[in-house]
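Student: Structure of the sequence below:
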Amino acid sequence: MKQVLTLMLVVLTLTACKKSKTNDEPANDVINPSATVLASGSFTGNANYTVSGTAEVVNDNGQKRLVLKGFSSSGGPDLKVYLATTRQAGTFISLGNLKSTSGQQVYDITGMPDFAQYKFALIWCQQFSVLFGAAELK
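Tutor: Below you'll find the model as predicted:
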């Protein structure tokens, strides 16, 4: 009985994350063309979620930013952009709400995270603690 209840909870969580939508109007953030790329990686989706495009950590005149390029994601509620030490978001820095499910997006990185440790960009459904997609930054 306990296994059935656990399975039902997982199915409800996955279904709930698919019902609500994040903004689906394409974002068109602009980044300084002279910004230096420090690390980059390609997104892959997780489970039943599709996430694609690239994530780049850039130095833009001393300000570190995360840039999502050619980005596309499944919609869902409460989607956040994280820099994390693992794909499970045990230790992470929230960069804010996902602006859109598509298009180029730029997020300021506050503080001075060690990018040797914070090497994953995540699209995370905070409400249900579900990973939509990740990019390993190298």
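Student: what number of residues lie near G75?
Tutor: Burial measure for G75: 19 neighbouring residues, criterion other Cβ atoms under 10 Å. In this view, the C-beta of every residue, glycine as well, is placed from N, C-alpha and C.
Student: no no, P33
Tutor: 6.
Student: which stretch of helix or strand covers it?
Tutor: Of the helices and strands defined by DSSP states H and E, none includes P33.
Student: for V57, same thing?
Tutor: Per DSSP H and E: strand 51-60 holds V57.
Student: Check which residues of stretch 128-138 are buried.
Tutor: Buried residues in stretch 128-138, counted by 16 or more other Cβ atoms under 10 Å: V130, L131, F132, G133, A134, A135, L137.
Student: Could you tell me which of those belong to strands?
Tutor: The strands, defined by DSSP state E, take in V130, L131, F132, G133, A134, A135 from these.
Student: Compute the inter-axis angle for the strand holding V57 and strand 130-136.
Tutor: In terms of direction (axes from the mean of the first three to the mean of the last three Cα atoms, to 10 degrees), strand 51-60 departs from strand 130-136 by 50 degrees.
Student: Average pLDDT for strand 51-60, rounded please.
Tutor: Averaging pLDDT along strand 51-60 gives 98.
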